[in-house]
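Participant: here you go, sequence then predicted model.
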Amino acid sequence: MKLRLRTPVFAIIAIFFGAIVLLGYFIPLLQDLRGIFLNWALILTAVVLLVGILNLLLVHIKKIRTDEKNAIYSLILVIALLVTFVIALVFGPDSQYSVFIFDHILLPVETSLVALLAIILVYVLARMFWRGVTLFNLLFAASALFVLGVTALVAWMPSLEFLSGINAWITQVLALAGARAILMGVALGVIATGLRVLIGADRPYEG
């Protein structure tokens with residue numbers, strides 16, 4: 001049975017540092033102290049990232065040692081992680097070897113993942129129409145298919161260049177407005193969560 005440590009000490013520490021950082025944006029006398037606390041937070045974040053990478057490495061090494069299913073993928077991950085780390089450590093992150101890894105391995109993988117969005121989009125459209133045809137479904141399908149198809153049509157028929165302007169308007173006005181609305185919702189959620197931690201309503205640091 002896992003015991004949960006309930007003590008006001010952790011809450012007091014979290015509220016104190018959170019209040020200093022928050023007030024530092026409004027009170028000039030606290031700006032230097034706020035900067036120090038933020039630098040500490042960045043250092044702790046970097047340490048947490050290193051611990052996460054180490055944990056990832058140990059988990060996959062354990063899979064390789066116990067010969068679990070699909071352990072070959074764990075082996076590939078461990079080798080790629082170690083090779084990339086050694087190259088970046090020895091030659092630097094801006095060396096030609098590090099840039100080669102980024103341009104010829106990481107970038108193609110990320111591009112492939114982005115390309116999967118088109119497949120996922122088609123699947124979502126099929127699921128939406130399977131549940132029923134509505135006006136919003138039709139608008140979503142029309143805009144998605146138009147955006148996906150304009151690039152290919154313009155490349156095949158340059159005379160349809162005027163479609164690129166409509167495509168740009170959809171992506172830069174409608175889609176961008178939706179993306180900004182989502183970001184605003186995320187920001188409000190983060191602010192609400194931070195305030196709950198700041199006043200001690202939520203205590204994730206107590207486990």
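Facilitator: On my side now, so go ahead.

Participant: for the rest of this, base every contact and every neighbour count on C-alpha atoms.
Facilitator: Noted.

Participant: which other helices and strands does the longest helix seen in the chain contact?
Facilitator: Secondary structure of the chain per DSSP state H: the longest helix is helix 31-65. When contacts are defined as 3 or more CA pairs under 8 Å, 6 or more residues apart in numbering; DSSP states H and E, helix 31-65 packs onto helix 8-23, helix 71-91.

Participant: any idea how far the residue nearest to Y97 when sequence neighbours are not counted lies from I166?
Facilitator: Spatially, and ignoring its direct neighbours in sequence, Y97 is nearest to I87 (7.0 Å; CA to CA, 6 or more residues apart in numbering). For I87, the distance to I166 equals 45 Å [CA to CA, to the nearest Å].

Participant: ok, I119 - contacts?
Facilitator: With contacts defined as CA atoms under 8 Å, 6 or more residues apart in numbering, I119 is in contact with no residue.

Participant: could you redo the last one with a cut-off of 10 Å?
Facilitator: When contacts are counted by CA atoms under 10 Å, 6 or more residues apart in numbering, I119 touches L125.

Participant: distance from the longest helix of the chain to the middle of the chain?
Facilitator: Chain-centre distance of helix 31-65: 16 Å, with CA atoms, centre = their mean, to the nearest Å.

Participant: same deal with stretch 70-90?
Facilitator: 22 Å.

Participant: need the contact partners of that stretch.
Facilitator: Contacts made with stretch 70-90 from outside it, assessed by CA under 10 Å, 6+ apart, are listed as 53, 56-65, 68, 92-95, 97-99, 101-102.

Participant: can you say which of those are buried?
Facilitator: For those, burial is judged from neighbour counts taken by 16 or more other CA atoms under 10 Å, and it is met by 57, 60-61, 63-64, 98.

Participant: redo the residues you listed as CSV? Include distance to V124 and pLDDT.
Facilitator: Putting the buried ones among the contacts of stretch 70-90 into CSV (distance: CA to CA, whole Å; pLDDT from 0 to 100) gives the following:
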residue, distance to V124, pLDDT
L57, 35, 91
H60, 33, 91
I61, 37, 91
K63, 34, 89
I64, 36, 89
S98, 37, 89
